[in-house]
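Participant: Predicted model follows, preceded by the sequence.
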Amino acid sequence: CEHPVFGCPPPTGPCRAMLPRWYFDRQEGRCAQFIYGGCGGNRNNFESEEYCLSVCSSVSKSGRQQLTSTSRKLV
């Protein structure tokens, strides 16, 4: 991946813990939820949407676009 965090796909990893986590989707310019296996993967892996947004708020599709939440769609 280009960037150590933002250019990487969701890091599901080889284990099977099925933990809900968040990653920054660079193409969409927002944080999205995925299921993490519990080991391996990469640094694009956040325990909460809020933490993902706080770390990734300076990165978006347009460079200045506000990040949007997907949490309302996932339940």
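Facilitator: That came through, no problem.
Participant: How about the contacts made by the residue sitting nearest the centre point of the chain?
Facilitator: With distances taken as CA atoms, centre = their mean, the residue of the chain nearest its centroid is residue 23 (0.7 Å). Shown in contact with residue 23 (CB atoms under 8 Å, 6 or more residues apart in numbering): 8, 9, 10, 11, 31, 32, 34, 44, 45, 46, 52. Using the backbone N, CA and C atoms, a C-beta is placed for each residue, glycine as well.
Participant: where does it fall, helix, sheet strand or coil?
Facilitator: With DSSP: H, G, I helix; E, B strand; the rest coil as the basis, residue 23 sits in strand.
Participant: Ok, residue 55 next?
Facilitator: helix.
Participant: Which residue, neighbours along the chain excluded, lies closest to it?
Facilitator: Leaving aside its sequence neighbours, residue 55 sits nearest to residue 46 (CB to CB, 6 or more residues apart in numbering; 6.7 Å).
Participant: My guess is residue 39 contacts residue 13. True?
Facilitator: Yes - at 5.2 Å, residue 39 counts as touching residue 13 under the criterion of CB atoms under 8 Å.
Participant: Those two: which has the busier surroundings?
Facilitator: For residue 39 versus residue 13, neighbours defined as other CB atoms under 10 Å are more numerous around residue 13 (18 against 11).
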